[in-house]
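Student: Here you go, sequence then predicted model.
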Amino acid sequence: MNAPRIAGRTKAAILLFVLFALVPAAATALDDPFFLVIATRILAFAIAAMALDLVLGYGAMVSFGHAAYLGFGAYAVAILTKLGISDIGLHLLAAIAFSALFAAITGAISLRTRGVYFIMITLAFAQMAYFFFVSISVLGGDDGTSLAQRSTLFGSDVLENDMAPFYAALALLVGFYALCSAIVGSRFGRVLQGTRENRLRMEAIGFSPFPYQLTAFVISGCITSVAGVLLANQAEFVSPAFMNWHRSGELIVMVVLGGVGTLTGPIGGAVVALLLEEWLAVFTEHWKLAFGLILVLVVLFSRGGVAGLIEKLKGPRT
Amino acid sequence: MTLLSVRDLRKSYGALKVTDELSMDVAEGELHAVIGPNGAGKTTLVAQLSGQSGSDAGQILYSGQDIMHLSMPERVQLGLARSFQITSVLPGFTVLENVALAVQARSGTSFRFFRPVAGQAVLNDAAMAALAEVELETRAGRLAAELSHGELRQLEIAIALATAPRLLLLDEPLAGTGGEESERLVGLLGRLKARMTIVLIEHDMQAVFALADRISVLVYGKIIATDTPAIIRQDAKVRAAYLGEEA
Amino acid sequence: MTNLFLLQLLNGAQFGILLFLIAGGLTLIFGIMDFINLAHGVLYMIGAYLMATFSLLTGSFGLGLVLAMAGSLAVGLALEFLVFRRLYDRSHLDQVLATFGLVLVANESVKLIWGASPLTVAMPELLAGSVPLIGPLQYPVYRLLIIAAGLLTALGLYLVINRTRIGMLLRAGASNRAMVSALGVNVSRMFTLVFAFGAMLAGFAGAIIAPILSVDTGMGESVLILTFVVIVIGGIGSIRGAFVAALLVGVVDTLGRTFGPILLRLVMDPAAASQAGRTLAPMLVYILMAVILFARPAGLFGRKPQ
């Protein structure tokens, strides 16, 4: 809204991108290839969290089913690879096309509802998709399936080494950040945020919220599916666990932890959440307990997540 | 020419008849005030006319077209705008942005994803014009949340104006304002009279009698009288039901 | 074939009754307190685990059941006091996050206390048999008892909500919380009451299903989302809606899983039918939900969104 605040977030985002760009060098210096693997995962989830922020932060639509799109992206890679189609362009196309369809249909039904209904319906639809993939035995059902190879780029297997997926993910993150920033600052973005602020007022000036919300929902789902393609490539393994409802919850955690409605915040949120998970897992196999406890405490005792804390530290608005 | 024609409008909440076979006509170009005691159903009437809530039965003809089944956004697109009795703005947006959005709603499509909206002159110029109309242009850069009550009432009208309405429904625009603020708003409404048709719901009798071309009196969900201010003042029924109570 | 149909119909009804016991309390919590609680399945799971422990300790099914219910109530009240109470005025988003965190904490805590392997609860001898119904059809006594218990609960809830003063206050509170508070009703005590009751019902459901299902940490999750579907189909805040929707969901799901593959075998080969059946059957309930919500976004008996 206010020019100085937007610039601040963009500066923070650029800082994060630069830090990410330094990771491969750091990984080589520390002689720790796992660092690169984890960073690639973080990048993919950052894309997904940012996409979710588009609907959750800017549109006030609490979608508890976004992990489904991660699954669609991942399974697009798995299914096409099994059929012998390995080109990443086609993987992305399939992922986005299917996600757009799913988002359009489920969004059209879900957006007729509000509040608690909306949250539960998005959860239910994602669960439906989860059960669908669990049931397909040729894809390994519950156990999932490993990929024979990573996606190919114009026929070359350049993605087979660990550097390339990392850079691809980083490039996509930067690209999607630019895209989402443009969307948020556009006419469309203004309508979306206006609807979040005061739906009745928007109707009273002649806007029917539904088409805009549905469009945002579809865009968000499509971007998230790209993250799914990245995750599948990074892990070389795809399973329904990519899209269980815990994942959807984790995505919301990342957005809120980082700061809703900021685009940059969710990127930070993904970093914090995933690093926290990794770090806690070192101590105990019951790391989820600590994670859950931290989550409860954070919600009870702080508002605005990391971005909110930073705002508080910066002092009152000038 | 009759711009708005309401015929036998009915709305009940359970056993309570809030709108009871209400009929009224609004001529194009006039400022038509609707007065009545509290609880008469004035806000419910505005809600039904604007499309915020449905009606149980009756007809609402706008420029000859039956708009009963049109949603609120659809009616706004036809030129039927409203302001709210309890201020309803976008608190996190600036004053200018609030009004610019209203301009945006009638300026081509909003399915534009790439050009920044903040600098679009076609929106900002029209928004500033509306703000100048209500004398709020100096506050254009402030967040709506920072405005005083009186300024918010001005903003309400500016937003409604920005939709370029043909018929403006004003729901108690003077509510909560006093003295200077009221006078300014009355002056504003007087200037707007010439350019559009206005239906003014108000309690402030001074303003009503100063501005209205015709007055309809709403009591218990029914219009009991419609006429010029001079005649309404003298009407025995009206005195008994409303004005008389105040004396 | 008719026998199979009747059998599965009854199984579907029993499953539906179970869902109702959980959904009934939750729909009130959603409707009256506008509180989205992802952790309700936890109470169902705790009920089952406590049943396993107490019935083993006391050697008695009945005593185990009572203690399990009391335990669930205690856990529910503790959670309400420690966590939920602070969330009533927060946004739905905050509620979702906090209760999601609680689910994680609860699942892991249960694994810590009881271990990760599933538990079994012995079915009491007295209730282990079957009774003849129609023709050669025999149906387990225990399942019939579950159905009976559920119907009694439904009746009781209906009477309380619609015929008592407390029920009237609850309905008023669901309609307009601020007004009820302004009238002098202690709203927070009302909330605690509603919550406690919902917790006890959920715990009861977990306890009585324990002898039939295997007791593990996944059980709360699998039932939770179906419970949400039930509430959404029935309409938030409506006991009647929860009852109808629960039976509908239970029957559709059970019959779908049994007869789906059978029907599909009429049009495709057994392997494909089996795969298609396994894929489509679990989806049936969600498709049902989608269809109903498309026609009525507030559910069958819910209030239209303002």
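Tutor: Sure, I can see it.

Student: State the next helix or strand along the chain beyond the longest helix that chain C contains.
Tutor: If you go by DSSP state H, chain C has its longest helix at helix C:2-33. Reading on from helix C:2-33 to the C-terminus, the next helix or strand found by DSSP states H and E is helix C:40-58.

Student: What angle do helix C:2-33 and the next helix-or-strand element following that following helix make with each other?
Tutor: Sequence order places helix C:61-82 as the next helix or strand after helix C:40-58, per DSSP H and E. Between helix C:61-82 and helix C:2-33, the angle comes out at 30 degrees (axes from the mean of the first three to the mean of the last three C-alpha atoms, to 10 degrees).

Student: What helices and strands are in contact with helix C:61-82?
Tutor: Helix C:61-82 sits against helix C:40-58, helix C:187-209, with contacts defined as 3 or more C-beta pairs under 8 Å, 6 or more residues apart in numbering or on different chains; DSSP states H and E. C-beta here means a position set from N, CA and C on the backbone, and glycine is covered the same way.

Student: Just put those helices in CSV and tack on mean pLDDT.
Tutor: Below are the helices and strands packed on helix C:61-82 laid out as CSV (pLDDT from 0 to 100):
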stretch, mean pLDDT
helix C:40-58, 92
helix C:187-209, 88
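
Student: one step back: so which bits of the longest helix of chain C are buried?
Tutor: C:7-8, C:10-33 (16 or more other C-beta atoms under 10 Å in any protein chain shown).

Student: average model confidence for stretch C:157-173?
Tutor: Across stretch C:157-173, pLDDT averages out at 82.

Student: Check what contacts that stretch and list those residues.
Tutor: C:24, C:28, C:32, C:179-180, C:185, C:187, C:190, C:193-194, C:239-240 (C-beta atoms under 8 Å, 6 or more residues apart in numbering or on different chains).

Student: Can you tell me which of these lies closest to chain B?
Tutor: C:Met179 (14.6 Å; C-beta to the nearest C-beta).

Student: if I've got this straight, the closest one is in a helix?
Tutor: Yes. Counting by DSSP: H, G, I helix; E, B strand; the rest coil, C:Met179 falls inside a helix.

Student: Kindly provide the distance from it to A:Pro266.
Tutor: Using C-beta to C-beta, to the nearest Å, C:Met179 is found at 39 Å from A:Pro266.

Student: got the angle for the longest helix of chain C vs helix C:187-209?
Tutor: 160 degrees.

Student: how distant is helix C:2-33 from the center of its chain?
Tutor: 7 Å (C-alpha atoms, centre = their mean, to the nearest Å).

Student: For that helix, name the packing helices and strands.
Tutor: helix C:40-58, helix C:141-163, helix C:165-175, helix C:187-209, helix C:218-234, helix C:239-264.

Student: Skip the chain neighbours and tell me the closest residue to A:Val299.
Tutor: Nearest non-adjacent residue to A:Val299, counting by C-beta to C-beta, 6 or more residues apart in numbering or on different chains: C:Ala98, 4.2 Å away.

Student: residues near that neighbour, how many?
Tutor: By other C-beta atoms under 10 Å in any protein chain shown, 25 other residues sit near C:Ala98.

Student: Check A:Trp279 too.
Tutor: With other C-beta under 10 Å as criterion, A:Trp279 counts 11.

Student: Tell me how far it lies from A:Leu295.
Tutor: 15 Å.

Student: Same check on A:Gly261?
Tutor: Distance of A:Gly261 to A:Leu295, given as C-beta to C-beta: 19 Å.

Student: So the two - more neighbours on which side?
Tutor: More crowded of A:Gly261 and A:Leu295, by other C-beta under 10 Å: A:Leu295, with 26 against 20.

Student: Which residue comes closest to the more buried one once chain neighbours are left out?
Tutor: The shortest distance from A:Leu295 to any non-neighbouring residue, by C-beta to C-beta, 6+ apart, is to C:Gly101 (3.3 Å).

Student: Tell me the secondary structure at that neighbour.
Tutor: helix.

Student: Out of the helices and strands packed on helix C:61-82, the one nearest B:Tyr242 is which?
Tutor: helix C:187-209 (38.0 Å; C-beta to C-beta).

Student: what packs against the closest one?
Tutor: helix C:2-33, helix C:40-58, helix C:61-82, helix C:141-163, helix C:165-175, helix C:177-182.

Student: Strands of the chain, residue ranges please.
Tutor: In the absence of a named chain, this looks at chain A. For chain A, the strands defined by DSSP state E cover A:145-146, A:237-238.

Student: oops, chain B please
Tutor: B:2-13, B:16-27, B:31-35, B:57-62, B:65-66, B:80-82, B:167-171, B:197-201, B:214-219, B:222-227.

Student: can I get these in a markdown table with mean pLDDT, mean neighbour count and distance to chain A?
Tutor: Output for those, formatted as a markdown table (pLDDT from 0 to 100; neighbours: other C-beta atoms under 10 Å in any protein chain shown; distance: least, C-beta to the nearest C-beta, whole Å):
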| stretch | mean pLDDT | mean neighbour count | distance to chain A |
| --- | --- | --- | --- |
| strand B:2-13 | 93 | 18 | 17 |
| strand B:16-27 | 91 | 18 | 19 |
| strand B:31-35 | 94 | 24 | 19 |
| strand B:57-62 | 94 | 17 | 14 |
| strand B:65-66 | 93 | 11 | 16 |
| strand B:80-82 | 95 | 27 | 6 |
| strand B:167-171 | 95 | 24 | 10 |
| strand B:197-201 | 95 | 24 | 15 |
| strand B:214-219 | 92 | 23 | 22 |
| strand B:222-227 | 90 | 17 | 24 |
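
Student: could you dump the ones you listed to JSON lines with distance to A:Leu230?
Tutor: Shown next, in JSON lines, are these (distance: least, C-beta to C-beta, whole Å):
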{"stretch": "strand B:2-13", "distance to A:Leu230": "54"}
{"stretch": "strand B:16-27", "distance to A:Leu230": "57"}
{"stretch": "strand B:31-35", "distance to A:Leu230": "61"}
{"stretch": "strand B:57-62", "distance to A:Leu230": "53"}
{"stretch": "strand B:65-66", "distance to A:Leu230": "53"}
{"stretch": "strand B:80-82", "distance to A:Leu230": "47"}
{"stretch": "strand B:167-171", "distance to A:Leu230": "52"}
{"stretch": "strand B:197-201", "distance to A:Leu230": "57"}
{"stretch": "strand B:214-219", "distance to A:Leu230": "63"}
{"stretch": "strand B:222-227", "distance to A:Leu230": "65"}
